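**Q** Next come a sequence and a model predicted from it.
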Amino acid sequence: MELQKPYYAVIFTNTRTEGDNGYGQMAEEMEQLARQQPGFLDFESARDGLGVTISYWESLEAIAHWKANMDHREAQKKGIKEWYSWYKVRICKVEREYEFTK
């Protein structure tokens with residue numbers, strides 16, 4: 001993935017509560033909704049106890065619009081109430097990147 005720099009990364013690190021309780025379906029819906037937002041660039045996610053989801057955006061304004069999206073706000077509220085025992089959000093400006101492929 002080669003994105004025009006600079007761009008922004010929203011890093012959402014979390015620990016989950018027990019059980020799914022609709023989390024899987026909501027996570028899929030939020031990823032699809034994010035992909036439709038102006039300024040969205042890409043998405044990566046991994047979970048092995050600790051969950052890390054990174055979404056990539058063209059601007060801080062695009063991130064603010066995503067955070068304010070009503071469906072996303074409802075998912076955030078449900079996350080606090082039911083799905084997460086802890087989370088942290090970091091917003092970073094990506095000025096440089098490199099990768100290795102075999």
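**A** Done, it's in. Residues are numbered from 1 along each chain as shown.
**Q** need the contact list for residue 47.
**A** Contacts were defined as C-beta atoms under 8 Å, 6 or more residues apart in numbering; by that measure residue 47 touches residue 16. Every C-beta, even on glycine, is put in place using the N, C-alpha and C of the backbone.
**Q** shaky segments in the chain?
**A** Scanning the chain for pLDDT under 70 picks out 1-2.
**Q** neighbouring contacts of stretch 22-34?
**A** Contacts of stretch 22-34 from elsewhere in the structure, counted by C-beta under 8 Å, 6+ apart, are 16, 40, 43, 45, 55, 66, 69, 71-72, 75, 78, 82-83.
**Q** and which of these is nearest residue 93?
**A** Out of the contacts of stretch 22-34, the one with the shortest distance to residue 93 is residue 55. That distance is 14.1 Å, counting by C-beta to C-beta.
**Q** SS state for the closest one?
**A** strand (DSSP: H, G, I helix; E, B strand; the rest coil).
**Q** can I assume it is in contact with residue 37?
**A** No: counting by C-beta atoms under 8 Å, residue 55 stays clear of residue 37, with 9.3 Å between them.
**Q** Run through the strands of the protein in chain order.
**A** Assigned by DSSP state E, the strands in the chain fall at 7-16, 40-48, 50-57, 84-94.
**Q** Excluding residues flanking it in the chain, which one is nearest residue 21?
**A** residue 82 (5.4 Å; C-beta to C-beta, 6 or more residues apart in numbering).
**Q** repeat for residue 17
**A** Nearest to residue 17 is residue 85, by C-beta to C-beta, 6+ apart, at 5.3 Å.
**Q** Mind naming the longest helix for this protein?
**A** Longest helix in the chain by number of residues, with DSSP state H as the criterion: helix 23-35.
**Q** returning to what we had before: so who does the residue nearest to residue 17 touch?
**A** Here residue 85 is in contact with 15-17 (C-beta under 8 Å, 6+ apart).
**Q** who wins for most neighbours among the residues you listed?
**A** Per-residue neighbour counts (other C-beta atoms under 10 Å) across these peak at residue 16, which has 19 neighbours.
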